[in-house]
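Trainee: My questions are about this predicted structure, shown below with the sequence.
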Amino acid sequence: MTWSSNPGAYGATDPLFLLLAALALEAYLGGPWIAKRRYLQPNLPLTNLITKLERRLNRSDRGGLDLLLRGAFVAVVLSLAAFFCGLVLEWLLVNYPFAWVFEVFLLALIVGQRTPCLQASEVSTALVGGSVIAAQEALRPLVVGRITPDVLGQLDHRGIAAAAIDGLARAFAVRVVAPVFWFVLLGLPGVFLQQAIRTAAAFLSARQLQNRPAGRDPLQGHEAAGRADFAATALRLDTALSILPMLLADIVLILAAVFIPGCSPREAIRRAWESRGSLAATMGGVLGLESQAAQGGLGSAGVPLDQRHIERSVAVFAVGCLINAGFVAALAWTRAIAID
């Protein structure tokens, strides 16, 4: 983002103003209305490209080093291409009148505030209705690439609630905080870079889990090991790009706990410190669950984890989105003062 450029009339070309407008637009229009329209999903062409590259290059008859180099090549080329496309598009949007309208819509399509809330609410509604199968299906989009279908099908009420809360906490970091962070830091090139790596890592993680033999370690077997080698670079780059957004997400979730009755910011701070920034542990502390558990650090086995905790985590998520937007507004105000 070019911090030295002056904003246009009414701040129309100020990148932070555009980001605020995009956050408001997504909060109003996001969710199923966008998800049902494939042409409104900017990551879909990238996913199709990664699918073709993975099928062509990630072959089980290749050695581990060969697959590692192939995967590294794909990840690096995608990163550079995404960054370059962001540079070109940013230049076009800055130099053509009213092109900022397109930037607002594009950012609104990239940031995901409303969809995770609706997905978690569907899980809660299914649990209230007593349908475990419906709850498992509603949970699937929140845990794609993180839980295998066979494990998902074995989750009970408590496991579904724990996985939904864990997925919601992670979605807050990777779908809300991370795009905003990289846009504020590097503008559209930063967002495009982050989205390219996140899309590649999510797709390859899902492929690893998809090809995992039921009941076995995901890296067991020659084909699974090959897929792990091919995905290694993308996963490590995704981890590197997520470190600071994850830390910021932890802070925002703790702040959100201050404004919601029944939540525990002190416990969230303690759990975040003990877990070295685990979002699941932080969310467990926010919800006041007592101790770390096997499933995502959300609470001890004796805690009756159910749909009420999901509903409260949705409230934490929503307040966190408001705080995140508040940070952007504060930066925009600071920038406006600095320019004046």
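Mentor: Yep, that arrived. Just so it is clear, the structure is predicted and the values come from calculations on it, not from any experiment. Residues are numbered from 1 along each chain as shown.
Trainee: got the buried residues for the helix ranked longest in the chain?
Mentor: As assigned by DSSP state H, the longest helix anywhere in the chain is helix 222-258. Residues of helix 222-258 classed as buried by neighbour count (16 or more other CB atoms under 10 Å): 223-235, 237-238, 241-242, 245-257. (Each C-beta comes from the backbone N, C-alpha and C, glycine too.)
Trainee: Ok, stretch 19-33 next?
Mentor: Quick answer for stretch 19-33 (16+ other CB under 10 Å): 19-23, 25-27, 30-31.
Trainee: hmm, who's touching stretch 243-250?
Mentor: Outside stretch 243-250, the residues that touch it by CB atoms under 8 Å, 6 or more residues apart in numbering are 169, 172-174, 176-178, 181-182, 272, 277, 279, 282, 320.
Trainee: any idea which of those residues is closest to residue 199?
Mentor: For the contacts of stretch 243-250, the closest approach to residue 199 (CB to CB) belongs to residue 174, at 10.7 Å.
Trainee: distance of the closest one from residue 83?
Mentor: Distance, residue 174 to residue 83, using CB to CB, to the nearest Å: 19 Å.
Trainee: Same drill for the two, tell me which one is more crowded.
Mentor: For the pair residue 174 and residue 83, the greater number of neighbours falls to residue 174 (22 against 18), based on other CB atoms under 10 Å.
Trainee: The more buried one contacts residue 242, doesn't it?
Mentor: Yes - counting by CB atoms under 8 Å, residue 242 is a contact partner of residue 174 at 6.5 Å.
Trainee: who touches both of these two?
Mentor: The contact sets of residue 174 and residue 242 overlap at residue 198 (CB under 8 Å, 6+ apart).
Trainee: For residue 134, see how far away residue 191 is.
Mentor: Using CB to CB, residue 191 is found at 35 Å from residue 134.
Trainee: Sorry, wrong one. I was asking about residue 181.
Mentor: 35 Å.
Trainee: Those two: which is more packed in?
Mentor: residue 181 (24 against 15).
Trainee: Secondary structure element holding that one?
Mentor: In this structure, residue 181 sits in helix 178-210 according to DSSP states H and E.
Trainee: For that helix, could you pull out the residues that count as buried?
Mentor: Buried residues in helix 178-210 (16+ other CB under 10 Å): 178-184, 186-205, 207-209.
Trainee: Run the angle between that helix and helix 222-258 for me.
Mentor: Here helix 178-210 runs at an angle of 140 degrees relative to helix 222-258 (axes from the mean of the first three to the mean of the last three CA atoms, to 10 degrees).
Trainee: tell me what helix 178-210 is packed against?
Mentor: Contact here means 3 or more CB pairs under 8 Å, 6 or more residues apart in numbering; DSSP states H and E; on that basis helix 178-210 packs against helix 15-29, helix 44-57, helix 64-95, helix 100-110, helix 222-258, helix 307-339.
Trainee: please redo it, this time with the cut-off set to 10 Å
Mentor: Judged by 3 or more CB pairs under 10 Å, 6 or more residues apart in numbering; DSSP states H and E, the packing partners of helix 178-210 are helix 15-29, helix 44-57, helix 64-95, helix 100-110, helix 149-152, helix 222-258, helix 307-339.
Trainee: ok now it, how far from the chain's centre?
Mentor: 8 Å (CA atoms, centre = their mean, to the nearest Å).
Trainee: And stretch 243-254, by the same measure?
Mentor: For stretch 243-254, the distance to the chain centre is 12 Å (CA atoms, centre = their mean).
Trainee: Use 355 as the first number from now on
Mentor: Yep, numbering from 355; the last one is stretch 597-608 now.
Trainee: got the CA coordinates for it in PDB?
Mentor: As requested, the backbone C-alpha atoms of stretch 597-608 are provided in PDB (Å, rounded to 0.1, in the frame of the first residue of the first chain):
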ATOM      1  CA  ILE A 597       2.500 -16.000  12.400                       C
ATOM      2  CA  LEU A 598       1.700 -12.300  12.900                       C
ATOM      3  CA  PRO A 599      -2.000 -12.500  12.000                       C
ATOM      4  CA  MET A 600      -2.400 -15.400  14.400                       C
ATOM      5  CA  LEU A 601      -0.800 -13.300  17.200                       C
ATOM      6  CA  LEU A 602      -3.100 -10.400  16.300                       C
ATOM      7  CA  ALA A 603      -6.100 -12.700  16.200                       C
ATOM      8  CA  ASP A 604      -5.200 -13.900  19.700                       C
ATOM      9  CA  ILE A 605      -5.100 -10.400  21.000                       C
ATOM     10  CA  VAL A 606      -8.400  -9.400  19.300                       C
ATOM     11  CA  LEU A 607     -10.200 -12.500  20.700                       C
ATOM     12  CA  ILE A 608      -9.000 -11.600  24.200                       C
END
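Trainee: quick one: contacts for residue 527?
Mentor: Contact analysis of residue 527 by CB atoms under 10 Å, 6 or more residues apart in numbering lists 535, 596, 599-604, 606-607, 633, 674.
Trainee: and the helix or strand that the longest helix of the chain is followed by with helix 661-693, angle?
Mentor: Toward the C-terminal end, the helix or strand that comes next after helix 576-612 (DSSP H and E) is helix 619-628. Put simply, helix 619-628 runs at 80 degrees to helix 661-693, going by the same axes, to 10 degrees.
Trainee: Can you name the residues in contact with helix 619-628?
Mentor: Residues from elsewhere that reach helix 619-628 (CB under 10 Å, 6+ apart): 601, 604-605, 607-613, 618, 632-646, 651-652, 670.
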